[in-house]
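Below is the structure, and that's it, no one-letter string:
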């Protein structure tokens, strides 16, 4: 079973060689989702060593839980099994079985910021190690608490822009065009003198 909230991821499995490779891929994908790419190699190596120890030494079964927890500046990787015996760091050179499968807890101690083991009740234990989380890690942010009415910011008033002054247009008055009627010049009077018929002159001498 796999569960992974925003800052926490757990994987339940049987620590068998075929499942260890799957868990490595799950851990790598989860760290990539948390933007912790620089920690993928070390976290995958560390969880492989812890699961290998469970596979070789845990009794009475190989069931275990891998847990990833992301805090502000630290990633914690832990493996919980049902064997209450706490592990002992062995020299990889002296332990031939360990050297063929990895360098075990000595490697975990060398590549991690800190590590340790603690009993888990009466029938189990937890082995863990931590890695410093880079400042670029960006897990999903938690929702901000609701503000009370007193904390609500005052509504912003819409900006009012001064309206431009109306443009007054003065109508251009054109003087009316007065057209004088065209008066035709009178035709020149042609005076024709009446030609009087000459009156015959009377003779003063009676006839």
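Nice, I can see it. Here the structure is a predicted model, which is why all the values come from computation and not from measurement.

now the strands for this structure?
Ranges of strands in the chain, per DSSP state E, are 2-3, 8-14, 63-70, 74-81, 114-119, 125-132.

Out of those strands, indicate the one that is most buried.
Of all those, strand 74-81 carries the top mean neighbour count, a mean of 22, counting by mean count of other CB atoms under 10 Å. Where you see a C-beta, it was placed from the backbone N, CA and C, and this is true even at glycine.

For that one, what does the pLDDT average out to?
Averaged over strand 74-81, pLDDT sits at 96.

next one: stretch 16-34
Regarding stretch 16-34, the rounded mean pLDDT is 94.

Report the buried residues of it.
Burial within stretch 16-34, assessed by neighbour count using 16 or more other CB atoms under 10 Å, is assigned to 19-20, 23-24, 26-28, 30-31, 34.

and those as CSV, adding distance to residue 65?
Formatted as CSV, the buried residues of stretch 16-34 follow (distance: CB to CB, whole Å):
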residue, distance to residue 65
19, 12
20, 14
23, 11
24, 16
26, 13
27, 13
28, 18
30, 14
31, 18
34, 19
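
can you count the residues close to residue 73?
Other residues within reach of residue 73, judged by other CB atoms under 10 Å, total 11.

Need the contact partners of stretch 55-66.
Residues lying outside stretch 55-66 but in contact with it, judged by CB atoms under 8 Å, 6 or more residues apart in numbering, are 10-17, 20, 23, 27, 47, 50-51, 54, 77-83, 85, 87, 97, 101.

Show me the buried residues of stretch 16-34 that map onto helices.
Among these, the ones falling in helices (DSSP state H) are 19-20, 23-24, 26-28, 30-31.

Now do stretch 59-71, average pLDDT.
Stretch 59-71 carries an average pLDDT of 93.

meant to ask about stretch 132-152
Here stretch 132-152 scores 60 as its mean pLDDT.

Now flag whichever of the buried residues of stretch 16-34 is closest to residue 156.
Residue 156 lies nearest to residue 34 out of the buried residues of stretch 16-34, by CB to CB, at 36.6 Å.

So the closest one sits against residue 70, correct?
Yes - judged on CB atoms under 8 Å, residue 34 makes contact with residue 70 at a distance of 5.8 Å.

count of neighbours near residue 56?
Neighbourhood size, residue 56 [other CB under 10 Å]: 13.
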